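Novice: Could you look at this predicted model? Sequence included:
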Amino acid sequence: MSAGNYGMEQLIPIMNRMQDVFTQLGVSNNIDLPQIAVVGGQSAGKSSVLENFVGKDFLPRGSGIVTRRPLILQLINGPTEYGEFLHCKGQKFMDFLSIMKEIEDETDRVTGANKGISNLPINLRVYSPHVLNITLIDLPGLTKLAVGDQPTDIGDQIKDMIMTYICRETCLILAVTPANTDLATSDALQMAREADPEGHRTIGVLTKLDLMDEGTDAKDIMENKVIPLRRGYVAVVNRSQKDIVGKKDIKMANAAERKFFLSHPSYRHMADRCGTVFLQKQLNQQLTNHIRETLPSLRDKLQRQMLGLEKEVAQYKHFQPNDPSIKTKAMLQMIQHLQQDFERAIEGSGADGVNTMELSGGAKINRLFHERFPYEIVKMEIDEKVLRKEIAFAIRNIHGIRVGLFTPDMAFEAIVKTQIGRLREPSLKCIDLVVQELTNVVRAVTEKMQRYPRLREEAERIITTYIREKEQACKEQVMLLVDFQLAYMNTNHEDFIGFANASSDSQNAENTGKKLGKVTNQVIRKGYMAINNLGVMKGIGGSRSYWFVLSSESLSWYKDGEEKEKKFMLPLEQLKLRDLESSFMSRGHMFAIYNPEGRNVFKDFKTLDLSCEAQDDMDSWKASFLRAGVYPEKQTSEGTVGEGEEEGERRESVDPQLERQVETIRNLVDSYMKIVTTSCKDQVPKIIMFLMVNDAKAFINGELLAALYSTGDTQNMMEESADEALKREEMLRMYHACKEALNI
C-alpha cells in the first residue's frame with residue numbers, strides 16, 4: 001500500500017524521528033513540526049476513524065472524556081503488526097488489547113483517575129502492512145459539561161489544548177463531524193475555522209452517514225457546496241456501537257463501508273472518493289506534500305535556533321558544577337562582570353542594557369545633584385515673612401533698651417548663621433537619595449549573579465554595608481562643611497554687596513537675584529503634563545494631558561507635541577508653586593501654580609493643578625520653574641504666607657528706621673546666602689562623589705573579591721541555584737535536540 005515515490009515516502013518517517021527526538025529529550029518543542037491533528041466532539045467517531053486505519057481495536061472506549069492526553073499516533077508501513085510506546089522504548093506490544101491498556105494506564109499515571117486532562121502527549125508507533133505512513137495527533141473530544149470530579153472549566157481546558165496544536169501553521173486539521181447533525185453547529189468545524197479562517201489547512205471527515213434520516217444525504221457537503229474547505233471532505237462509515245460490542249472485525253466493517261457507498265444512490269458516483277482506504281491515502285498524500293512545503297522553513301528554524309543556543313551552550317558542554325577550579329573561575333568572572341556593570345551604571349559608558357524607561361544610576365544621581373538638590377535649597381531658602389520677622393527681632397534684641405541709630409552687624413551674623421544651619425537638611429536629604437540610588441544600582445548589577453544566589457546575597461550585603469559606612473562619613477563631612485561656613489563670615493567676599501550697597505532698592509535686588517539665569521524668551525523645558533482641575537470644574541472629572549512649553553516669561557500648553565494648536569499662554573509674573581496631594585482622580589505626582597494675591601491664574605480658576613506620572617519628571621519640572629522664577633510657597637505653623645500677612649507684619653513695625661534696618665539686613669543676608677548656597681550646591685555633590693560614589697567604585701574594583709574570600713565560605717557561595725541547574729539541562733537538551741533533528 002505505497003503511495004508516491006520512495007523519496008517522498010521517507011518524509012513522514014523523518015518527521016516521526018524528529019518528533020521522537022523532541023519528545024524523548026523532554027524538550028518543550030517550539031519548533032512546529034508538520035502533523036495532522038484530529039479534532040471532533042465526543043462520540044463524533046474520531047477513535048473509530050483511527051482504528052479503521054490500523055484495522056485493530058486499540059483505543060480506549062467508554063462514556064465521557066476517554067482521550068485525556070494528546071496521543072501522537074505514528075502509523076508506519078512494515079511487514080509485521082505491533083506497537084511501540086516511546087515511554088516503553090524497546091518493548092514491542094504484539095497484542096493490540098495490551099496497547100489499549102497501556103494507553104489507559106499511562107493516561108491515569110499523569111492525569112489520575114478523575115477524568116482530568118494533561119498536555120503531556122503519549123507517543124505510540126504502530127507498524128503494520130495495512131497502513132500508510134501517517135502521523136496523527138488524537139486530541140480530547142470537545143465537551144461542555146464537567147462530569148464527576150472534573151474541574152468545572154474542563155471544556156475551556158480542552159479547547160485551549162486543542163487550539164495550541166491547530167493554531168500552528170504547520171498543522172493540518174482533521175475535523176471529524178457526524179453527518180446526522182447540523183454542519184453549521186459542528187464544534188470541530190467551528191474550532192477549525194477559528195484557527196484556519198481561510199480553510200487552507202482543514203480536511204473535513206463526515207461520519208455516521210448510515211445513521212442519517214431517510215430521504216436525507218450529505219451529497220452537497222461532500223461536493224464542498226455547504227461549508228467549502230480547500231482540501232475538501234471525505235465520508236466514512238464506522239462500525240456502530242452494536243458492531244463494536246459484538247467484536248465485528250474491522251476488515252469486514254471496511255467491506256461493508258465500501259458496499260454502502262457503492263449501493264447508495266447519492267454516493268455511488270463518488271464512491272471511489274469515499275471510505276477509510278481513500279481517507280488514509282488522502283492523508284498520506286496531503287501530509288507528505290505538506291511536509292515537503294514546510295521542510296525548508298523548518299530547517300532554517302532549526303539552524304537559527306541551534307546557532308542562537310551555541311554561544312550559551314559552549315560554557316555548559318564540559319561543565320562540572322562541583323569542580324573547585326570551575327567555581328573559582330566562575331566567581332572571578334561574576335565579580336569582573338559586576339565591576340564592569342557598576343562602572344557602566346555610574347559612568348554611563350557603553351550601550352548594552354541601557355534603561356530606556358527611566359533615569360537610573362549615574363544619570364539619576366546627576367539629576368539629584370543638579371535639579372532636586374538646588375530645588376530643595378531654594379525651597380528652604382526663600383521665606384520672606386519668617387526671615388523679616390527674625391531680622392526685626394534680632395535688631396531689637398541687640399539694641400536692647402536703647403534705640404539704635406545704626407544697623408547692627410551682629411543681627412546680620414545671627415540671621416545668616418540661622419539660614420546656613422538650615423542647609424543641613426537638604427544636604428543630608430541629598431545624601432540619603434544618592435545612597436538609595438546606589439543601593440538600587442547594586443541590586444540591579446548583582447541580578448546577573450542569580451545563578452549563584454548565596455554569592456549574590458553576600459556580594460550585595462558587603463557592598464551595601466560599605467556604602468552605609470561611607471554614608472556616615474559623607475554626612476559627617478557635609479556637617480563639617482556647614483560648620484566651616486558658620487565658623488567665619490567672609491564679608492570681604494568679592495560677590496558680597498557690603499553695607500554700602502545694602503540699602504539700595506530691594507526690588508531691584510530681588511529681580512536680579514532671584515531669577516536663576518533668566519534670559520528673555522528662552523525655552524526652558526518641554527514635555528507632557530496633565531491638568532487635573534479643569535475637567536473637574538466642568539463636571540466631567542479626571543485629568544487631561546497637554547504638551548507644555550515653559551519659557552522664562554510664560555507657560556504655554558498645546559494639544560500635542562506638534563505645537564500647532566495652542567490652548568493657552570500663561571504669564572509667569574508673580575506666580576508661585578506648591579505641592580499637592582494626589583487625588584483619587586490622579587495617580588500621578590501633583591503640584592499647583594497659583595497667584596499669592598488670590599487672583600485668577602487661568603480664566604476663572606485660582607490655581608492650575610498639574611501632575612506628572614513619575615516623581616523624577618515632577619522634580620525636573622519644579623527645577624525648571626525655579627529657573628523661570630516661579631518659586632515654591634512657604635508653609636509655617638501659622639499657614640501659608642500671603643501678601644496680606646506681610647502687610648500686617650509691616651504695620652506692626654511702625655518705626656521707619658527699623659524698617660530700613662530690616663531691609664538693609666535682608667539685602668545683606670540675601671547677598672551672603674547666595675554665596676553660601678552657591679558654594680554648597682557645588683561642594684556637597686563633590687563630597688558625595690569623592691567619599692561615597694568613587695569610593696564605592698574603588699572598593700568594588702579593588703577589595704570586594706578579598707572581602708568575599710575573607711568569609712571563608714567561597715565554595716558554598718558558588719553552589720548553583722536549582723533553577724539555574726534546570727535551565728542548563730533544558731538548554732543542553734534543546735541544543736542536542738536541534739542538532740540531532742538537523743542530522744536527521
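Specialist: Sure, I can see it.

Novice: Can you tell me how far Leu86 is from Pro79?
Specialist: 22 Å (C-beta to C-beta, to the nearest Å). Bear in mind the C-beta positions are built from the backbone N, C-alpha and C, glycine included.

Novice: ok, the two, which is more surrounded?
Specialist: Shown here are Leu86 and Pro79; by other C-beta atoms under 10 Å, Leu86 has more neighbours (16 against 7).

Novice: Mind listing the residues bridging to the closest residue to the more buried one other than its chain neighbours?
Specialist: The spatial neighbour of Leu86 that comes closest, neighbours along the chain excluded (C-beta to C-beta, 6 or more residues apart in numbering), is Asn123 at 3.6 Å. Per DSSP bridges, the residues bridged to Asn123 are Ile72.

Novice: Asn123 - how many residues pack around it?
Specialist: Asn123 sits with 19 neighbouring residues when counted by other C-beta under 10 Å.

Novice: Check the gap between it and Arg69 for me.
Specialist: Taking C-beta to C-beta, one finds Asn123 at 11 Å from Arg69.

Novice: pretty sure Ala175 contacts Ala188?
Specialist: Yes: using C-beta atoms under 8 Å as the test, Ala175 is close enough to Ala188 to be in contact (4.0 Å).

Novice: got any residues that touch both of the two?
Specialist: Val39, Gly40 (C-beta atoms under 8 Å, 6 or more residues apart in numbering).

Novice: What are the buried residues along the lengthiest helix in the chain?
Specialist: For the chain, the helix with the greatest residue count under DSSP state H is helix 276-314. Using 16 or more other C-beta atoms under 10 Å as the test for burial, helix 276-314 gives 276-284, 286-288, 290-291, 294, 298, 301-302, 305-306, 309, 313.

Novice: Render the CA-only coordinates of the next helix or strand after that helix in PDB, please.
Specialist: Under the assignment DSSP states H and E, the closest C-terminal helix or strand after helix 276-314 is helix 324-347. C-alpha atoms of helix 324-347 as PDB (Å, rounded to 0.1, in the frame of the first residue of the first chain):
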ATOM      1  CA  PRO A 324      36.600  23.800  42.600                       C
ATOM      2  CA  SER A 325      38.600  25.300  39.700                       C
ATOM      3  CA  ILE A 326      35.400  25.900  37.700                       C
ATOM      4  CA  LYS A 327      33.800  27.500  40.800                       C
ATOM      5  CA  THR A 328      36.800  29.800  41.300                       C
ATOM      6  CA  LYS A 329      36.800  30.800  37.600                       C
ATOM      7  CA  ALA A 330      33.100  31.500  37.700                       C
ATOM      8  CA  MET A 331      33.400  33.600  40.800                       C
ATOM      9  CA  LEU A 332      36.200  35.700  39.300                       C
ATOM     10  CA  GLN A 333      34.100  36.200  36.100                       C
ATOM     11  CA  MET A 334      31.000  37.100  38.100                       C
ATOM     12  CA  ILE A 335      32.900  39.700  40.200                       C
ATOM     13  CA  GLN A 336      34.500  41.100  37.000                       C
ATOM     14  CA  HIS A 337      31.100  41.500  35.300                       C
ATOM     15  CA  LEU A 338      29.800  43.100  38.400                       C
ATOM     16  CA  GLN A 339      32.700  45.600  38.400                       C
ATOM     17  CA  GLN A 340      32.100  46.500  34.800                       C
ATOM     18  CA  ASP A 341      28.300  46.800  35.200                       C
ATOM     19  CA  PHE A 342      28.600  49.000  38.200                       C
ATOM     20  CA  GLU A 343      31.100  51.200  36.300                       C
ATOM     21  CA  ARG A 344      28.800  51.400  33.300                       C
ATOM     22  CA  ALA A 345      25.700  52.200  35.500                       C
ATOM     23  CA  ILE A 346      27.500  55.100  37.200                       C
ATOM     24  CA  GLU A 347      29.600  56.500  34.400                       C
END
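
Novice: Below-threshold pLDDT in the stretch 251-400 of the chain: ranges please.
Specialist: Along the stretch 251-400 of the chain, segments meeting pLDDT under 70 span 311-312, 314-323, 349-358, 381-385, 399-400.

Novice: now swap in the stretch 401-550 of the chain and tell me
Specialist: Across the stretch 401-550 of the chain (using pLDDT under 70), the flagged ranges come out as 401-409, 498-521, 534-542.

Novice: now the strands for it?
Specialist: Assigned by DSSP state E, counting those that start in this stretch, the stretch 401-550 of the chain shows strands spanning 523-531, 544-551.

Novice: In a markdown table, list these along with mean neighbour count and distance to Thr207.
Specialist: Shown next, in a markdown table, are the strands of the stretch 401-550 of the chain (neighbours: other C-beta atoms under 10 Å; distance: least, C-beta to C-beta, whole Å):
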| stretch | mean neighbour count | distance to Thr207 |
| --- | --- | --- |
| strand 523-531 | 17 | 62 |
| strand 544-551 | 19 | 60 |
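
Novice: Which one, of these, ends up nearest to His269?
Specialist: Closest to His269 of those, according to C-beta to C-beta: strand 544-551, at 69.6 Å.

Novice: Packing partners of the closest one?
Specialist: strand 523-531, strand 554-558, helix 615-627 (3 or more C-beta pairs under 8 Å, 6 or more residues apart in numbering; DSSP states H and E).

Novice: Any idea how many residues pack against Val147?
Specialist: For Val147, the neighbour count with other C-beta under 10 Å is 12.
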